[in-house]
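Give me coordinates for this.
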Amino acid sequence: MVRIIKIEIREEAETLKKLLVQQKDKRRFERVQALYLLKIRQVETVEHLAVIIGRGRRTISRWLSQYRSGGLAQMLEVGKSPGKEPLIPQWAVERLKAELADPEGFTSYKEVKLWLEALLDIKVKYDVVHHLVHDKLKAKLKVPRPISAKQVEGAIESFKKKLPQELEAIVERVNKFYQPWSRLRYWCQDESRMGLHTMRGRLLTLTGVKPKGKVQWNFQALWLYGLVEPLTGDSFFYEFCHLDTVCFEKFLELFSQANPEDIHIIQLDNGGCHQALDLSLPENVILLFQPPHCPEVNPIERLWEEIKKSLKWELFTSLEQLRLGVRKILQNLNQTLITSVTGWQFIIEALELAGI
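Numbering: from 1, shown residues only. Prediction:
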């Protein structure tokens, strides 16, 4: 039996027509269209309306029931379809994100796949894992920063935390025992070997194109001794033929002569040439040793990286040519660049707390 729809459409036909044009969602468009057709009396039965819109009679009846109970607003409430259940559930994604937040990371996407199987009992294809990790979580393979296996756990955090107190103690000692001085300055020191053996690095090519780089196997080298002041960006470099206590002592002597009116606190590593019993220090130099095997706390390491970037894939035919290349790079260094690379927050804050 065909029944005529008995429903009061409260909106005007013109209002529904304008609303119909505004709909971007197909499901809402169909519902407004149903009301419009009923309002202008284009249709009178559920069967006829279902044929025109292309929906089942039960669906049309449900829409009209929603309209009767809650008006247009309720009728246009469109729930989001749950869709297909993901192959990797959200709780597992959260566990994976926590693992990816660990700096030790994974060695490959295949290892992530094996980790999901072994620990979470989730077996999915490789492309599913790659899509999740690479595309959705934006995690990519990166070259890791090497960390010594001999590094004591927590040593870096302890050094950063105690640095202000150590500096305050040094300031107190300087004020008590040292002759009048102009300034108390904080420097970071290290040495770096630079040779004719080609420094390698990444090269950018199109997908599927294997990059090539010419290399030479000449192992002649020179040593560059360096000091940087994170607070101001000042620097001091000197070349030596090798790394030992004699060269280090001479380097400090030259540095002291270049800056005779100041007292210099120098942060450095625990290398043998830095701790030799026969090492003679200038009167205006105080050594502050960082934790063993912790180059991560010395910002001059970052400056070495910047310097060596300009030397990658360079083919120097002699040490003199290399020396000229390094000298040119050092001449282009400026205080702004050095502070941007070496002005680490934990050092600057420690200097402020110690009044340096």
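
Near residue 186, how many residues? Count them for me, please.
Residue 186 sits with 23 neighbouring residues when counted by other CB atoms under 10 Å. For the C-beta atoms, the positions are set from N, CA and C on the backbone; glycine is no exception.

Quick one: low-confidence residue ranges for the stretch 1-150 of the chain.
Counting by pLDDT under 70, the ranges of the stretch 1-150 of the chain that qualify are 1-3, 80-83.

pLDDT at residue 271, what is it?
The score at residue 271 is 92. That number is its pLDDT.

what about it, neighbour count?
16.

for residue 160, same thing?
For residue 160, the number of neighbouring residues by other CB under 10 Å comes to 16.

How about residue 270?
12.

Confirm for me that it is in contact with residue 289.
Yes: checked against CB atoms under 8 Å, the pair residue 270 and residue 289 is within contact range at 5.7 Å.

you'd agree residue 270 is in a strand?
No: assignment of residue 270 by DSSP: H, G, I helix; E, B strand; the rest coil gives coil, placing it outside any strand.

check contacts around it.
Applying CB atoms under 8 Å, 6 or more residues apart in numbering, one finds that residue 270 lies in contact with 289-290, 292.

will you turn these into TSV that also has secondary structure, pLDDT and distance to residue 129?
Below are these laid out as TSV (DSSP: H, G, I helix; E, B strand; the rest coil; pLDDT from 0 to 100; distance: CB to CB, whole Å):
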residue	secondary structure	pLDDT	distance to residue 129
289	strand	97	45
290	coil	96	40
292	coil	94	39
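
Among the residues you listed, which one is most surrounded by other residues?
residue 290 (19 neighbours).

Quick check: closest non-adjacent residue to it.
The shortest distance from residue 290 to any non-neighbouring residue, by CB to CB, 6 or more residues apart in numbering, is to residue 297 (5.1 Å).

That neighbour: neighbour count?
Should you count by other CB under 10 Å, residue 297 turns out to have 20 residues around it.

which phi and psi does it have?
Per-residue torsions, residue 297: phi -90, psi 0 (degrees, to the nearest 10).

Kindly state the domain boundaries assigned to the protein.
Here the chain is described, according to automatic domain parsing, as comprising the domains 13-75, 90-136, 157-354.

Just list what the lengthiest helix in the chain packs against, helices and strands only.
Longest helix in the chain, counting residues (DSSP state H): helix 155-177. Using 3 or more CB pairs under 8 Å, 6 or more residues apart in numbering; DSSP states H and E as the contact test, the elements touching helix 155-177 are strand 184-195, strand 263-268, strand 285-289, helix 345-354.

returning to what we had before: go ahead and confirm the residue nearest to residue 290 touches residue 289.
No: between residue 297 and residue 289 there is no contact under CB under 8 Å: 10.8 Å.

Identify the contacts common to the two.
Going by CB under 8 Å, 6+ apart, residues that sit against residue 297 and also against residue 289 are residue 267.

State the distance from residue 57 to residue 68.
Counting by CB to CB, to the nearest Å, the gap from residue 57 to residue 68 is 16 Å.

Same question for residue 144.
Distance, residue 144 to residue 68, by CB to CB: 64 Å.

For the two, work out which one has more neighbours and name it.
residue 68 (13 against 10).

Which element, helix or strand, includes residue 308?
For residue 308, the host element (DSSP states H and E) is helix 300-309.

Please enumerate residues in contact with that helix?
Outside helix 300-309, the residues within contact range by CB under 8 Å, 6+ apart are 188-190, 192, 194, 199, 201, 226-228, 295, 326, 329-330, 333, 337-338, 341-342.

Report the secondary structure state of residue 153.
Classification of residue 153 using three-state DSSP returns coil.

for residue 338, same thing?
Classification of residue 338 using three-state DSSP returns helix.

Identify the spatial nearest neighbour of it, chain neighbours not counted.
Residue nearest to residue 338 in three dimensions, not counting chain neighbours: residue 233, with 3.9 Å by CB to CB, 6+ apart.

so who does residue 315 touch?
Taking CB under 8 Å, 6+ apart as the contact definition, residue 315 lies against 198, 214, 216.

Now do it against residue 97, distance only.
Look at residue 315 and residue 97: by CB to CB, they are 44 Å apart.

Show me where the stretch 101-250 of the chain has its helices.
In the stretch 101-250 of the chain, the helices defined using DSSP state H, counting those that start in this stretch lie at 109-120, 126-130, 155-177, 245-258.

Which of the ones you listed sits closest to residue 17?
With CB to CB as the criterion, residue 17 lies closest to helix 126-130 of those, at 46.4 Å.
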